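Chemist: No letters, just coordinates:
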């Protein structure tokens, strides 16, 4: 069992190291990321993730959930740091700051194997998504809709950045996340046993009227250009979401949510 260490100095080396994880370069070099708030830490614990470091503000662990998290972390051999309000202010995000945070190891899952998919599985694939808020929201949506996982294609934004982690609302710990380059993804799509579904502004099929063939692979493009021609050509279904207003497109996270819920409609019960 580890012991609690108290830190009050803003220049402490551990404080500097954790704060440096704000930078994508440091996250890439260390393979670590920060998750803030008791809710995310509880979700991590419940999904079998143990932080390398748990940080909490002095006085916040006197009782309740934070005390339980500290006890769990100590028992798991985690480095536990009790810090002053000033130190936590340096480590936590400036808007809606939390009293706890954890430093975790990044984890990517292997890409889905078309030969070993559950019959009712649905995966979401995102090509070069650039907005961390969109990415985090899509990971959260994949969790809510019961999707099997999310594949990141090409040069996507960092799913382990603070904005993306916050937007997942903890689903980063429960939704498998895989990475592939475009060529590898096209090979995956070629062998996919069910429908490869792509949204297309020129698509002829209303997304509500299609009988989707499971297991499905939903492929969504980046916020600006949309899907590349290669990925669009790999789709077995090119669907369109009806638009009644003057705009011809939706926010990526919203379009993905609508599509995922429609594709999985028959499998979602109250």
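Modeler: Thanks, I have the structure now. This one's a predicted model, so the numbers in the text were calculated from it and none came from an experiment.

Chemist: When you work out contacts or count neighbours from here on, use the C-alpha atoms and nothing else.
Modeler: Will do.

Chemist: ranges for the strands of the stretch 1-150 of the chain?
Modeler: All strands of the stretch 1-150 of the chain, identified by DSSP state E, counting those that start in this stretch, fall at 4-7, 32-36, 53-57, 79-83, 100-105, 122-127, 149-153.

Chemist: ok, residue 3 touching residue 75?
Modeler: No: applying C-alpha atoms under 8 Å, one finds residue 3 not in contact with residue 75, separated by 9.4 Å.

Chemist: quick revisit: may I see the strands of the stretch 1-150 of the chain organised as CSV, with mean pLDDT and distance to residue 133 added?
Modeler: Listed next are these as CSV, based on pLDDT from 0 to 100; distance: least, C-alpha to C-alpha, whole Å:
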stretch, mean pLDDT, distance to residue 133
strand 4-7, 93, 32
strand 32-36, 96, 15
strand 53-57, 96, 24
strand 79-83, 96, 29
strand 100-105, 97, 19
strand 122-127, 98, 14
strand 149-153, 98, 15
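
Chemist: With distance to residue 231 and mean neighbour count as extra columns, can I get the ones you listed in JSON lines?
Modeler: Below are the strands of the stretch 1-150 of the chain laid out as JSON lines (distance: least, C-alpha to C-alpha, whole Å; neighbours: other C-alpha atoms under 10 Å):
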{"stretch": "strand 4-7", "distance to residue 231": "51", "mean neighbour count": "15"}
{"stretch": "strand 32-36", "distance to residue 231": "31", "mean neighbour count": "24"}
{"stretch": "strand 53-57", "distance to residue 231": "40", "mean neighbour count": "24"}
{"stretch": "strand 79-83", "distance to residue 231": "44", "mean neighbour count": "22"}
{"stretch": "strand 100-105", "distance to residue 231": "31", "mean neighbour count": "22"}
{"stretch": "strand 122-127", "distance to residue 231": "9", "mean neighbour count": "24"}
{"stretch": "strand 149-153", "distance to residue 231": "10", "mean neighbour count": "24"}
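
Chemist: In JSON lines: these, plus distance to residue 18.
Modeler: Below are the strands of the stretch 1-150 of the chain laid out as JSON lines (distance: least, C-alpha to C-alpha, whole Å):
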{"stretch": "strand 4-7", "distance to residue 18": "13"}
{"stretch": "strand 32-36", "distance to residue 18": "8"}
{"stretch": "strand 53-57", "distance to residue 18": "9"}
{"stretch": "strand 79-83", "distance to residue 18": "11"}
{"stretch": "strand 100-105", "distance to residue 18": "8"}
{"stretch": "strand 122-127", "distance to residue 18": "29"}
{"stretch": "strand 149-153", "distance to residue 18": "26"}
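
Chemist: among those strands, which is nearest residue 24?
Modeler: Of all the strands of the stretch 1-150 of the chain, strand 32-36 sits nearest to residue 24, with 9.3 Å by C-alpha to C-alpha.

Chemist: Would you confirm that residue 103 contacts residue 34?
Modeler: Yes: between residue 103 and residue 34 there is a contact under C-alpha under 8 Å: 4.6 Å.
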